[in-house]
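Undergrad: Quick one: sequence and predicted model below, then my questions.
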Amino acid sequence: MNNFIYSIPTKIFFGEGQIKNLGHEVKKYADKVLLLYGGGSIKKNGIYDDVVKQLNDNAVEFVELAGVEPNPRIQTVRKGVDLCRKENVKLVLAVGGGSTIDCAKAIAGATKYDGDAWDIVLDGRKIKDSLYVASVLTLAATGSEMDVAAVISDMTKNDKIGFKSELVRPVFSVMDPTYTYSVSKYQTAAGSADIISHILESYFSNVNTYMNVRNCEALLKTVIEFAPIAIKEPTNYEARANLMWASSWAINDFIKLGNEVNWTVHPIEHQLSAYYDITHGVGLAIITPHWMRAVLSDITVEKFCEFAHNVWDIPYIEDKFKMANDGIDRMEEYFKSLDIPMTLREVGIDKENFDIMATKAAKSMVNNYVELTKEQILEIFEKAL
Ligand code: NZQ
Ligand code: ZN
């Protein structure tokens, strides 16, 4: 186990009705906030009204910015920065999924940065000060509600880039599973695939911290169990609650403390989103089985057997490669069972940009579980086509 510092300071208000804590908690940090949200789902399902009531009841002034895109754009970040500076806002309150929360983080960091917002996206270490960030989560997926990361896109350059800064980790998040009842089957499946991928990125590490590995397996089993239930019964509280809490713990640092590796599938998927604006979780599901097969070798086969046995209950057999491949097949079949499109063609991707996407993704192949070459990434794209 490598050395680490443990600090996950986001305060969580978890469960039905916890919105009642929003107003007084915001008030601890700010008298005036930027209320940030996406394309309007929060107006249809009543969450917007709950939030506004809390702010009004606690005399918190707010200005609004709506329209954060899935795969949030740098142009929206810049709009938010202008608004925060003009209105002297102290806290950015994101009400939505990962895109809205990520956009809030970039706005908060860039408002206090003397330069263009894209600079801090390229290098989160440039953030030396930040507005506070808080969130009301409406979609279980990215874990942005409790982590230090944000991913922002500049579609004019086909760039989708993630940055990290401890300064933009939300100071608190409200997580009411009933707020996710209105999430579509498609987004529930995509969000679940995203959570699974976050866990796998830590699970497949070269430093095997026994406790972390077992926690990863418990989280994987939780998502595998509850995603189909939430898809079938969107108002099943236990299913929504388990997915929501798993989303946070998949990426809030806990399972990677002591066994951190650079992620592999995410930088590959980010290229797909950057060029084709696809849903992040769907891209991950498509790539994951092909990535697994690409890295399966004499060196990794034991780990894949552990995955097959502990996650998919596949019994140990003499033929380790068969067992490992069975585990990978189960993962693929599972994604299919959630009705996720499992080929690039189905999400409108052809070969045209394979080369440039593989070139860009290969730049992230340093200190990964297995470092892939550009050619190996190209092969993954070909197989996923
Ligand atoms: O925009 P609105 O109208 O709110 O609709 C959204 C959007 O269309 C909808 N939605 C959200 N909550 C809903 C709802 N619809 C009905 N009822 C609700 N309660 O769902 C759609 C997708 O929302 P989005 O926020 O884009 O989804 P997600 O949470 O999956 O976020 C994806 C973004 O996060 C990044 C991804 O790359 C992508 O840009 N990621 C962020 C990470 C992080 N901060 O650590 C890590 C991840 O790996 C990921 O890269
Ligand atoms: Zn992700």
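TA: Noted; the coordinates are in hand. Numbers count the residues shown, from 1 in each chain. Ligands and ions are numbered 1, 2, ... in the order given.
Undergrad: May I have the phi/psi pair for residue 91?
TA: Main-chain torsions, residue 91, degrees, to the nearest 10: phi -140, psi 140.
Undergrad: Could you list the residues in contact with stretch 375-385?
TA: The contact list for stretch 375-385 (CB atoms under 8 Å, 6 or more residues apart in numbering) reads 268, 286-287, 290-291, 293-294, 343-345, 349-351, 354-355, 357-358, 361-362, 372. For the C-beta atoms, the positions are set from N, CA and C on the backbone; glycine is no exception.
Undergrad: list the buried ones in that stretch?
TA: 376, 377, 378, 379, 380, 381, 384 (16 or more other CB atoms under 10 Å).
Undergrad: Those residues of this protein touching ligand 1, which are they?
TA: Proximity of the chain to ligand 1, by CB under 6 Å from any ligand atom, involves residues 38-42, 45, 70-71, 96-100, 102, 138-139, 141-144, 147, 149-151, 179-180, 182-183, 187, 191, 194, 251, 266, 280-281.
Undergrad: Residue of the stretch 201-350 of the chain closest to ligand 1, please.
TA: residue 280 (3.8 Å; CB to the nearest ligand atom).
Undergrad: if I look at that residue, how far off is residue 151?
TA: For residue 280, the distance to residue 151 (CB to CB, to the nearest Å) stands at 8 Å.
Undergrad: Identify the contacts common to the two.
TA: Common neighbours of residue 280 and residue 151 (CB under 8 Å, 6+ apart) are 71, 98.
Undergrad: returning to that earlier point: please check the contacts of stretch 375-385 and keep the buried ones.
TA: 268, 286-287, 290-291, 293-294, 344, 349, 354, 357-358, 361-362, 372.
Undergrad: Can you list the buried residues in stretch 193-213?
TA: The neighbour-count check on stretch 193-213 (16+ other CB under 10 Å) flags 193-205, 209, 212-213 as buried.
Undergrad: Kindly export it (C-alpha atoms) in CSV.
TA: Output of stretch 193-213 as CSV, limited to C-alpha atoms (Å, rounded to 0.1, in the frame of the first residue of the first chain):
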residue,chain,number,x,y,z
ALA,A,193,-21.9,2.2,-16.6
ASP,A,194,-20.0,5.3,-15.6
ILE,A,195,-20.0,4.3,-12.0
ILE,A,196,-18.9,0.8,-12.9
SER,A,197,-16.1,2.2,-15.0
HIS,A,198,-14.9,4.5,-12.2
ILE,A,199,-14.6,1.5,-10.0
LEU,A,200,-12.8,-0.6,-12.6
GLU,A,201,-10.3,2.1,-13.2
SER,A,202,-9.2,1.8,-9.6
TYR,A,203,-9.7,-2.0,-9.4
PHE,A,204,-7.3,-2.7,-12.2
SER,A,205,-4.2,-1.3,-10.5
ASN,A,206,-0.7,-2.6,-10.1
VAL,A,207,-0.7,-1.9,-6.4
ASN,A,208,-3.1,-4.3,-4.9
THR,A,209,-4.4,-2.9,-1.7
TYR,A,210,-6.5,-5.8,-0.3
MET,A,211,-9.0,-3.6,1.5
ASN,A,212,-9.5,-1.3,-1.6
VAL,A,213,-9.9,-4.3,-3.9
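Undergrad: quick one: that stretch to chain centroid distance?
TA: Centre-to-centre, stretch 193-213 and its host chain are 14 Å apart (CA atoms, centre = their mean, to the nearest Å).
Undergrad: now stretch 371-385
TA: Between the centre of stretch 371-385 and the centre of its chain there are 23 Å (CA atoms, centre = their mean).
Undergrad: now do stretch 350-363
TA: Between the centre of stretch 350-363 and the centre of its chain there are 22 Å (CA atoms, centre = their mean).
Undergrad: again, but for stretch 144-156
TA: So, by CA atoms, centre = their mean, the centroid of stretch 144-156 is 8 Å from its chain's centroid.
Undergrad: For the stretch 51-200 of the chain, give me the ranges with low pLDDT.
TA: By pLDDT under 70, the stretch 51-200 of the chain contains no weakly predicted segment.
Undergrad: re earlier: which of the contacts of stretch 375-385 fall in helices?
TA: Among the contacts of stretch 375-385, DSSP state H puts 268, 286-287, 290-291, 293-294, 354-355, 357-358, 361-362 in helices.
Undergrad: ok, which pair from those residues is furthest apart?
TA: Maximum pairwise distance among these (CB to CB): 21.3 Å, between 293 and 355.
Undergrad: Tell me how far residue 29 lies from residue 9.
TA: 13 Å.
Undergrad: what's the overlap in contacts for the two?
TA: Listed as contacting both residue 29 and residue 9 by CB under 8 Å, 6+ apart are residue 171.
Undergrad: check contacts around residue 159.
TA: Contacts of residue 159 by CB under 8 Å, 6+ apart are 153, 274.
Undergrad: and if we set it to 10 Å?
TA: 74, 118, 121, 122, 152, 153, 270, 271, 274, 275, 360 (CB atoms under 10 Å, 6 or more residues apart in numbering).
Undergrad: So residue 29 and residue 9 - more neighbours on which side?
TA: residue 29 (17 against 10; other CB atoms under 10 Å).
Undergrad: Going along the chain, name the helices of the stretch 1-150 of the chain.
TA: 22-27, 41-44, 47-57, 74-87, 98-111, 117-122 (DSSP state H, counting those that start in this stretch).
Undergrad: Of the ones you listed, flag the one that's most buried.
TA: helix 98-111 (a mean of 30; mean count of other CB atoms under 10 Å).
Undergrad: can you give me the offset of that one from its chain's centre?
TA: 14 Å.
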